[in-house]
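>>> Could you look at this predicted model? Sequence included:
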Amino acid sequence: MRYLLLIAFALGSFKSFASHIVGGEMVYDYLGNDSFKVRMQYYVDCVNGIPGAIADDKYAYISILNSDTFVTQAVVRRSMPIRLNETNYTCVTSYGNVCVDMYLYDTFFVLPPIKGGYDVVFQRCCRNGTILNIQGPDSTGATYTAHIPEMNSTITHNSNPRFNKLPPNYLCLNEVLYFDHSATDPDGDSLFYRLHTPFDGGTSLSPRPKTPTKYSEVIWRKGYSDSVPIIVKDSIFLNEHNGRLVLTPRILGQFVFGIAVEEYRNDSLISTTYRDYQFNVVRCNNTIGADFYAPNPWCSKRVLLESFVSNGTNYKWYVDSVILTNQWSYLHQFPDTGRYNVKLVVFDGNCKDSVTKTVRIVSDSFSLGIDSFESCKQGMVEFETKFINDAVYDWQINGDWQLVDRNHVVHQPANAGWHWVKLEFLDCYMFDSFYVTDISPALGIDIPPLICSDSLRLDLSKGKFDNYNLDAPNATVYRDNYLAPIIVFKDTGTYYFSIDYNIKNCISFLFEQIRYLEEGSLKNFETELCKNDSLTIIATYFENATYNWLNRPT
């Protein structure tokens with residue numbers, strides 16, 4: 001288990017427990033005669049860090065351990081703050097509230113050869129409470145350490161690798177970061193790079209302990225790890241041979257980030273140097289911005305390409321990779337209908353921005369895809385144009401119509417005959433027409449209201465329909481002949497029956513009442529009248545009947 005001595009110069013106080021640590025790393029150089037120069041680079045938050053906590057770090061205890069055993073320590077005074085302005089971006093400006101100061105702590109140790117070598121360690125609590133990727137950041141500290149290998153006949157000296165560049169103050173949201181995280185080794189040893197989980201150190205209850213304390217790795221929150229310390233687009237790439245780091249942050253916030261460089265000599269690992277740092281992902285503004293209006297679609301082959309650019313001084317237009325002009329806007333003649341990739345590149349000194357859009361040139365004619373349409377009287381015609389799926393049309397149709405969506409129309413022709421459609425789109429006026437044929441179904445029969453037979457045969461041979469359905473409750477239907485069905489009545493009385501018949505999607509209905517009366521069922525009656533008397537006879541028995549009155553004197 002590792003131990004270290006926590007830095008503590010002033011008396012412990014509440015202000016010592018403050019979220020101000022941004023990161024740090026430990027570097028040493030072998031000077032000969034068992035002497036080593038040790039430098040700690042210590043990064044603090046100079047905008048959100050509490051001044052009192054930063055002041056407490058005027059002195060630091062840098063300790064030397066041999067495995068778990070405390071060996072010695074030095075009380076080291078820091079340098080003046082060095083304000084970092086490492087942006088790593090040439091053409092963006094940050095509007096995040098980010099400020100980082102670096103302090104240097106230099107000291108010297110004489111360390112005779114010892115089995116297992118030495119560890120140089122420094123510990124402090126606490127980190128920024130707004131860090132997103134570790135648990136309990138405002139009560140989690142940090143440990144910066146480097147290993148001095150055992151000096152023997154194989155390893156007679158060693159200076160550990162040191163990173164060539166300071167880390168950037170901030171990362172830009174949704175912007176690709178290309179960062180050279182390489183290191184240089186004074187001894188020419190082989191170096192390999194990897195992401196690693198940073199170490200904790202100290203607690204909120206003991207941010208500056210006077211005795212060595214154990215330390216371990218910080219605990220990641222769910223969804224984060226040493227290989228995914230920041231939520232990025234695609235993945236984080238770190239070249240293990242040259243330290244080249246590539247990532248594109250996808251969310252805003254503060255994130256603990258660890259890089260380790262391993263030092264190999266004669267194919268054996270002799271030391272590992274760690275950089276523990278807090279990456280701040282903020283929104284950034286491009287110093288220049290390329291944009292232009294791209295009509296999509298457009299009904300003319302002549303298109304005005306007009307740029308909307310901030311801070312640009314030079315322009316290049318490309319159509320399908322062919323350079324056209326360096327003007328900020330111009331009128332371009334496209335050769336034919338179709339889709340064209342138009343790219344605008346804007347320059348301002350060494351900064352540039354580009355944007356690519358699709359310009360679609362379409363014809364000024366269209367077709368509904370139908371030449372004629374069969375419809376019932378008062379029926380509906382449905383059609384849609386697929387000429388330009390994402391266009392917005394102004395429809396004009398003779399007859400009643402309803403717009404379902406911008407490409408889909410339901411039309412109700414007032415009558416059969418020719419019907420026209422006009423679509424207005426941008427500068428295009430497009431027409432098409434179709435012919436409506438009346439296909440309303442018909443039975444071609446007349447139903448008598450009164451019959452004197454117990455059956456009725458329907459002659460449907462003159463009708464116009466595809467099929468029909470005959471329903472006669474309380475009667476029997478025989479379909480020995482499909483076009484001449486027979487309805488058989490059980491007894492005299494009133495019967496109801498219905499027929500629904502159709503052509504394609506056109507449906508009609510017939511609902512009829514019929515009276516069945518047996519022939520000869522009228523009753524005779526006799527009466528005697530005086531001369532000049534009158535007799536009134538009222539026939540009310542048979543509804544819808546037509547009577548022929550006969551006066552036959554005896």
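On my side now, so go ahead.
>>> Quick check: buried residues in stretch 222-239?
By 16 or more other Cβ atoms under 10 Å, the buried positions in stretch 222-239 come out as 224, 226, 229-232, 236, 238. Backbone N, C-alpha and C define where each C-beta goes, glycine included.
>>> average pLDDT for that stretch?
Confidence for stretch 222-239, expressed as mean pLDDT, is 93.
>>> Give me the contact list for that stretch.
133-134, 171, 174, 181, 193-197, 220, 244-251, 255-259, 279, 281 (Cβ atoms under 8 Å, 6 or more residues apart in numbering).
>>> Are any of the residues you listed buried, and if so which?
Buried members of the contacts of stretch 222-239, counted by 16+ other Cβ under 10 Å: 133-134, 171, 181, 193, 195-197, 220, 245, 247-249, 255-259, 279, 281.
>>> My reading is that Ile54 lies in a helix. Confirm?
Yes. Per DSSP: H, G, I helix; E, B strand; the rest coil, Ile54 lies within a helix segment.
>>> so what's it scoring on pLDDT?
Reported pLDDT for Ile54: 86.
>>> if I pick it, what's in contact with it?
Contacts of Ile54 by Cβ under 8 Å, 6+ apart are 20, 44, 46.
>>> Between the residues you listed, which sits nearest Tyr59?
Val44 (14.4 Å; Cβ to Cβ).
>>> Now for the closest one: which residues touch it?
Contacts of Val44 (Cβ under 8 Å, 6+ apart): 20-22, 54, 57, 100-101, 103.
>>> now do 6 Å
Contact analysis of Val44 by Cβ atoms under 6 Å, 6 or more residues apart in numbering lists 20, 22, 54, 101.
>>> buried sites along stretch 486-504?
For stretch 486-504, the neighbour count (16+ other Cβ under 10 Å) marks 487, 489, 495, 497, 499-503 as buried.
>>> quick one on the thing from earlier: so which of the buried residues of stretch 222-239 would you say is closest to Ser67?
For these, the minimum distance to Ser67 (Cβ to Cβ) is 24.3 Å, reached by Asp226.
>>> how about the nearest residue to the closest one, chain neighbours excluded?
Spatial nearest neighbour of Asp226, excluding adjacent residues (Cβ to Cβ, 6 or more residues apart in numbering): Thr197 at 4.3 Å.
>>> Report the separation between that neighbour and Trp220.
7 Å (Cβ to Cβ, to the nearest Å).
>>> so where do the strands sit in the stretch 301-450 of the chain?
Using DSSP state E, counting those that start in this stretch, the strands of the stretch 301-450 of the chain run over 302-307, 314-319, 322-323, 329-333, 338-348, 351-361, 372-375, 381-384, 394-397, 400-405, 408-412, 417-425, 428-438, 450-451.
>>> want to throw those into a markdown table with mean pLDDT?
Supplementary listing: the strands of the stretch 301-450 of the chain in a markdown table, determined by pLDDT from 0 to 100:
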| stretch | mean pLDDT |
| --- | --- |
| strand 302-307 | 82 |
| strand 314-319 | 84 |
| strand 322-323 | 72 |
| strand 329-333 | 80 |
| strand 338-348 | 85 |
| strand 351-361 | 83 |
| strand 372-375 | 71 |
| strand 381-384 | 66 |
| strand 394-397 | 62 |
| strand 400-405 | 65 |
| strand 408-412 | 71 |
| strand 417-425 | 70 |
| strand 428-438 | 71 |
| strand 450-451 | 84 |
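>>> before we move on, back to that, reformat the buried residues of stretch 486-504 as CSV; add pLDDT, distance to Ser67 and secondary structure.
What follows is the buried residues of stretch 486-504, written out as CSV (pLDDT from 0 to 100; distance: Cβ to Cβ, whole Å; DSSP: H, G, I helix; E, B strand; the rest coil):
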residue, pLDDT, distance to Ser67, secondary structure
Ile487, 91, 110, strand
Phe489, 89, 114, strand
Tyr495, 88, 111, strand
Phe497, 88, 106, strand
Ile499, 91, 103, strand
Asp500, 89, 97, strand
Tyr501, 86, 100, strand
Asn502, 86, 95, strand
Ile503, 84, 97, strand
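>>> And stretch 327-336, how far out from the chain middle?
Chain-centre distance of stretch 327-336: 33 Å, with Cα atoms, centre = their mean, to the nearest Å.
>>> and what of stretch 253-269?
With Cα atoms, centre = their mean, you get 35 Å for stretch 253-269.
>>> That stretch: which residues count as buried?
For stretch 253-269, the neighbour count (16+ other Cβ under 10 Å) marks 253-263, 265 as buried.
>>> JSON lines for these, including distance to Glu518, pLDDT and secondary structure?
What follows is those, written out as JSON lines (distance: Cβ to Cβ, whole Å; pLDDT from 0 to 100; DSSP: H, G, I helix; E, B strand; the rest coil):
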{"residue": "Gly253", "distance to Glu518": "98", "pLDDT": "92", "secondary structure": "strand"}
{"residue": "Gln254", "distance to Glu518": "103", "pLDDT": "92", "secondary structure": "strand"}
{"residue": "Phe255", "distance to Glu518": "101", "pLDDT": "96", "secondary structure": "strand"}
{"residue": "Val256", "distance to Glu518": "105", "pLDDT": "96", "secondary structure": "strand"}
{"residue": "Phe257", "distance to Glu518": "105", "pLDDT": "95", "secondary structure": "strand"}
{"residue": "Gly258", "distance to Glu518": "108", "pLDDT": "96", "secondary structure": "strand"}
{"residue": "Ile259", "distance to Glu518": "110", "pLDDT": "96", "secondary structure": "strand"}
{"residue": "Ala260", "distance to Glu518": "112", "pLDDT": "97", "secondary structure": "strand"}
{"residue": "Val261", "distance to Glu518": "116", "pLDDT": "97", "secondary structure": "strand"}
{"residue": "Glu262", "distance to Glu518": "115", "pLDDT": "97", "secondary structure": "strand"}
{"residue": "Glu263", "distance to Glu518": "121", "pLDDT": "97", "secondary structure": "strand"}
{"residue": "Arg265", "distance to Glu518": "125", "pLDDT": "95", "secondary structure": "strand"}
